[in-house]
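Trainee: predicted coordinates and the sequence they were generated for:
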Amino acid sequence: MVAGGCFWGVQGVFQHTAGVVNAVSGYAGGTKATADYETVSSGRTGHAESVEIKYDPRKISYGKILQIYFSVVHDPTQLNRQGPDVGTQYRSAIFTTSEEQKKVAEAYIAQLNGAKVFSKPIVTKVGALEAFYPAEAYHQDYLTLHPTQPYIAYNDIPKVENLKKLFADNYIEKPTLVSASKVTN
């Protein structure tokens, strides 16, 4: 579970990542009662716009997910903002589901800071996931469904292009969409 600004771009990158089985936009860090877009947008719910990433560990490692997250998804040195989006709901955070994930994420951040990969310290918070609430249906697959929408074209399509350029072996052209994973009766 990662948060790094608007979930549209985060989801879009991971939907183009080989080995990712599903990437769902949603909310983490707050309560179920406040897990809706209008309320989260106030910045007073404790939630961060997040993406739940389910992946096949035989095809991609947790470490590679983190490498992509820190390299092309967002700027981990910006506190409570990404690009034009400002507020705690756009913070950089990793919500872990095991002690092992927490240790790997913290060690990776320490390694990046130690190597001075970024000109400023990483502000990404690492903590245990308490709950994840999927976002409204209109937020799912947003990058794929609206590639020419100005926000997407300017802020998020370049992230997918960087994934393709920097992680060619992990890039897939056809995105793994949330809508495709739903079973219809």
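Mentor: Received it, and whenever you're ready, just let me know what you need.
Trainee: can we go C-alpha only for contacts and neighbour counts from here?
Mentor: Will do.
Trainee: backbone torsions only: list them for residue 55.
Mentor: Reported as degrees, to the nearest 10, the phi and psi values for residue 55 are phi -140, psi 160.
Trainee: show me the contacts for it.
Mentor: Contacts for residue 55 (C-alpha atoms under 8 Å, 6 or more residues apart in numbering) come out as 19-22.
Trainee: please repeat the previous calculation with a cut-off of 10 Å.
Mentor: The neighbours of residue 55, taking C-alpha atoms under 10 Å, 6 or more residues apart in numbering as the test, are 14, 17-23, 61-62, 65.
Trainee: so how far is residue 77 from it?
Mentor: 26 Å (C-alpha to C-alpha, to the nearest Å).
Trainee: show me where this structure has its strands.
Mentor: Counting by DSSP state E, one finds strands in the chain at the ranges 2-4, 20-28, 48-55, 81-82, 85-86, 92-96, 125-128, 132-134.
Trainee: does anything pack onto the helix or strand of the chain with the lowest mean pLDDT? Which helices or strands?
Mentor: Confidence across the helices and strands of the chain bottoms out at helix 178-181, with a mean of 77, counting by mean pLDDT, DSSP states H and E. Contacts defined by 3 or more C-alpha pairs under 10 Å, 6 or more residues apart in numbering; DSSP states H and E place helix 178-181 against strand 20-28.
Trainee: elements contacting the strand it packs on?
Mentor: On a contact count with 3+ C-alpha pairs under 10 Å, 6+ apart, strand 20-28 meets strand 2-4, helix 7-15, helix 37-40, strand 48-55, strand 92-96, strand 132-134, helix 178-181.
Trainee: count the neighbours of residue 45 for me.
Mentor: Residues within reach of residue 45, counting by other C-alpha atoms under 10 Å, total 20.
Trainee: residues in contact with the spatially closest residue to it that is not a sequence neighbour?
Mentor: Here the nearest residue to residue 45 in space, its sequence neighbours aside, is residue 30; by C-alpha to C-alpha, 6 or more residues apart in numbering that works out to 5.8 Å. For residue 30, the contact set (C-alpha under 10 Å, 6+ apart) comprises 40, 44-48, 130-133.
Trainee: if anything else comes up later, I'll come back, but that's it for now.
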